[in-house]
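> Any chance you can model this:
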Amino acid sequence: MNLCIDQGNSRTKVALMTDEGKIIQHFIYKTFSSADVERLFALYDITNSIISSVINVESAIINTLVKLSRHFVLFDHNTPIPICNKYDTPETLGLDRLAAAVGARQLCPNENLLIIDVGSAITYDFVSENGEYTGGNIAPGLKMRFTILHRMTKKLPLVEVDENELIPLFGRNTRDAMVAGVIRGVAYEVKGYMRSLKEQKISFKTYITGGHAPYILNAMKQKDQRIILEYLPEVKFKKAVFLEYHFYEPSSRRDKDNISGYFHKVFQDAMVQAGMIPNDGWKQIKGMADYFDIDKKWPRIEVFIEEE
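Sure, this is the predicted structure:
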């Protein structure tokens with residue numbers, strides 16, 4: 001088993017993986033020490049380990065990993081990687097950004113990739129279909145934005161947000177205005193990068209990761225739900241329903257699971273929100289079927305709902 005450690009500015013993420021890349025267990029630590037390394041090796045059959053860090057790794061952690069691992073890698077700018085780093089100053093590219101680029105390339109080779117990491121800072125990085133890291137941008141993270149609003153003004157509070165919180169379009173009090181401004185601001189920022197690439201006729205796939213990614217994905221999902229709610233009929237189903245999805249794409253470039261997976265969740269959550277079904281559990285959703293076709297002139301999604 002392989003031990004993978006990612007040390008960020010605020011948290012350490014740890015994953016136990018098979019040689020095939022399947023994650024068996026994962027943990028998040030606010031503080032991480034050599035004692036935690038020893039505990040992991042005692043609990044699991046670990047043979048190899050790798051650590052990537054944006055901070056200085058404690059020597060005790062490295063020494064423990066070297067001692068207990070059959071093979072240990074300290075990920076740095078000299079580590080062989082399957083992409084070409086085209087950054088003007090490659091030695092200054094954050095190792096977290098480089099690792100994310102490598103991971104995305106491994107998951108989706110031969111595609112243009114936009115990698116968005118929503119952490120203490122938000123990074124936007126691009127890897128070409130030829131495997132070249134061509135550059136990226138750095139922006140303030142969510143916590144940083146909330147902190148700046150609080151510290152740089154006299155009356156704005158320091159707010160906390162639940163990742164599943166309903167984000168209004170416009171806040172009706174100071175706290176909600178700050179939450180909507182920051183969360184929706186980043187969501188629109190993300191959409192803006194994606195739109196800019198599309199305007200350049202660049203076909204690409206997007207990976208969104210990082211500790212605060214759920215906040216942004218939730219806001220984006222809520223926006224799509226509101227669009228769906230405008231078209232849902234005022235119907236309440238008393239029995240379980242079967243959902244038949246017909247996806248009409250402009251081309252066959254996107255993978256089918258990427259097309260359908262997100263929409264299933266957004267549509268079924270919208271059905272619950274509209275009161276069509278009490279929830280989207282097994283008792284309410286009898287089953288689903290997906291059908292895919294090409295329609296260059298009129299890409300769309302059609303959903304047929306059949307009550308049991």
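
> Contact partners for residue 275?
residue 236 (C-beta atoms under 8 Å, 6 or more residues apart in numbering). Heads up, the C-betas are built off the backbone N, CA and C, glycines and all.

> and it, that's in a helix?
No - counting by DSSP: H, G, I helix; E, B strand; the rest coil, residue 275 is not found in a helix; it is coil.

> measure it to residue 307 for me?
15 Å (C-beta to C-beta, to the nearest Å).

> what do you get for residue 29?
48 Å.

> and what of residue 241?
Applying C-beta to C-beta to residue 241 and residue 307 gives a distance of 5 Å.

> Between these two, point out the one with more neighbours.
residue 241 (19 against 11; other C-beta atoms under 10 Å).

> Mind listing the residues bridging to that one?
Under DSSP bridges, the beta-bridge partners of residue 241 are residue 285, residue 307.

> ok, which stretches of the chain are strands?
Counting by DSSP state E, one finds strands in the chain at the ranges 2-7, 12-17, 23-29, 48-53, 71-74, 84-85, 113-118, 121-127, 132-140, 205-209, 241-249, 285-294, 300-307.

> Domain map for the protein?
Residue ranges for each domain of the chain read 1-75, 82-227, 231-307, as given by automatic domain parsing.

> I'd like these written out as a markdown table, with mean pLDDT added.
Listed next are the domains of the chain as a markdown table, based on pLDDT from 0 to 100:
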| stretch | mean pLDDT |
| --- | --- |
| domain 1-75 | 93 |
| domain 82-227 | 93 |
| domain 231-307 | 90 |
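
> Report whether the expected contact of residue 119 with residue 94 is present.
No - look at residue 119 against residue 94 with C-beta atoms under 8 Å: they stay out of range, at 10.3 Å.

> Which one's more surrounded, these two?
residue 119 (22 against 16).

> So what does the more buried one look like in phi/psi?
Here is the backbone geometry of residue 119 (degrees, to the nearest 10): phi -120, psi -140.

> Which residue comes closest to it once chain neighbours are left out?
residue 210 (4.2 Å; C-beta to C-beta, 6 or more residues apart in numbering).

> Next one: that neighbour from residue 183, what distance?
For residue 210, the distance to residue 183 - C-beta to C-beta - is 14 Å.

> can you check residue 169 too?
11 Å.

> Between the two, tell me which one has more neighbours.
residue 183 (25 against 9).

> Look up how far residue 96 lies from the residue nearest to residue 263 when sequence neighbours are not counted.
The shortest distance from residue 263 to any non-neighbouring residue, by C-beta to C-beta, 6+ apart, is to residue 301 (6.3 Å). Using C-beta to C-beta, residue 301 is found at 35 Å from residue 96.

> contacting residues around the residue nearest to residue 119?
With C-beta under 8 Å, 6+ apart, residue 210 has these contacts: 116-119, 122.

> change it to 7 Å
117-119 (C-beta atoms under 7 Å, 6 or more residues apart in numbering).
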